[in-house]
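**Q** what's the 3D shape of this:
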Amino acid sequence: MDLRSLRYFVETVRLSSFTQAAEALHVTQSTISKMVRQLEQEVGAQLLLREGRKLTLTDTGRVVFARGEDMLATLRQLNLEVRDTQARTRGSLTVGIPPMINLLFTPVLKAFRARHPQIALTLQEGTGQAIERQVAAGELEIGMTVLPVAPELALETLRIASYPLWALAAPGSFRQGQTTLRFKELAALPLVLLKDDFALTRSLRAAFAAAGFAPQVAAQSGQWDWLVAMASAGMGVALLPQPFVDRLAIGRMDALRLVEPELQWQVAHVWNGRYLSHAARAWLEVCQEVLGTSFN
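**A** Next up is the predicted model:
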């Protein structure tokens, strides 16, 4: 079946006019008529009934129109994906990334730039919750956050990594030899937390509510290194994932692993479920290789 004649037929039916179809397709009306007749010959049946200016689909015409729309939509998608594949070596990608997560991605960035040097990669920093909203609104194609995501946004998620949370405090704050801290014991301790627009704090507040207590929040900050400084000064207990404990506090602060329950800091990619570009898929593939996550 000739795709051009099918396209002309579908456009004629959609506009219910040979004249308007000719204008929309930038051809003459006689060309439209010729293509529709050609399609009718290929199908072996009349597709349109012409009564003056009124066009009515025959039973066969309704079938050809419905399937024709599907075929043309598939062809458009095919062309889009082919162009996207061809642009993979010269495209661009912006990834939303929270400041707390970026330290984990230096090996991924290095591998991605080595593998895809022609893709212009931009990292856009923001809190996890802000990135989720931007992805849901289509302002960002893909981003990273801490699970769980806001359910009302209906985002696709792919977990990247999971780390236990630790309680950090000034030296001498906990019993000598103590290695763990039950989550409910936090109810009696002053806490220094990240601001509420951080996904980690959202997860912690949900955990506080589930445990049945309101936390004693001594201070909040948008900077994880400042949290460590405040905790080191004795202002309260900071709750941070293990990678930051290893980087910032090992050997100079009391660090206890949270248990009962053992909370996890779960880092994930998020996207809005619509078409995911090949540049974004290339990013996910490199993440899979470097961090061990899987993407289908």
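
**Q** other residues contacting the strand or helix carrying Ile101?
**A** Using DSSP states H and E, the element containing Ile101 is helix 99-102. Helix 99-102 is touched from outside by 123, 125, 128, 144, 146, 194, 198, 200, 223-224, 241, 244, 267, with contacts defined as C-beta atoms under 8 Å, 6 or more residues apart in numbering. (Each C-beta comes from the backbone N, C-alpha and C, glycine too.)

**Q** do that again at 7 Å, thanks
**A** Helix 99-102 has contacts (C-beta atoms under 7 Å, 6 or more residues apart in numbering) with Leu123, Glu125, Met144, Leu200, Trp224, Val267.

**Q** show me how to select, in PyMOL, the buried members of the residues you listed.
**A** PyMOL command restricting these to the buried ones, with burial defined by 16 or more other C-beta atoms under 10 Å:
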select buried, resi 144+200+224+267
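
**Q** give me the nearest residue to Ala199, chain neighbours excluded.
**A** Gly128 (3.1 Å; C-beta to C-beta, 6 or more residues apart in numbering).

**Q** burial count for that neighbour?
**A** Neighbour count for Gly128, taken as other C-beta atoms under 10 Å: 30.

**Q** could I get the contacting residues of it?
**A** Taking C-beta under 7 Å, 6+ apart, we find Gly128 in contact with Pro98, Thr145, Val146, Phe198, Ala199.

**Q** quick revisit: from the contacts of helix 99-102, which two are the most distant?
**A** Leu123 and Leu200 (19.0 Å; C-beta to C-beta).

**Q** surely Phe208 and Gln216 touch.
**A** No: Phe208 lies out of contact with Gln216 (C-beta atoms under 7 Å); the separation is 10.4 Å.

**Q** between those two, which one's more packed in?
**A** Phe208 (18 against 13).

**Q** for the closest residue to Lys184 other than its chain neighbours, grab the count of nearby residues.
**A** Among residues not flanking Lys184 along the chain, Ala211 sits closest, at 5.6 Å (C-beta to C-beta, 6+ apart). Residues lying near Ala211 (other C-beta under 10 Å) number 15.

**Q** before we move on, what about Ser162?
**A** Neighbour tally, Ser162, other C-beta under 10 Å: 13.

**Q** okay, now the domains of this protein?
**A** Following automatic domain parsing, the chain resolves into domains at 3-87, 90-296.

**Q** quick one: average pLDDT of the shortest one?
**A** Rounded to a whole number, the mean pLDDT of domain 3-87 is 86.

**Q** which one of the contacts of Gly128 is nearest to Glu260?
**A** Closest to Glu260, out of all of those and judged by C-beta to C-beta, is Val146, at 21.1 Å.
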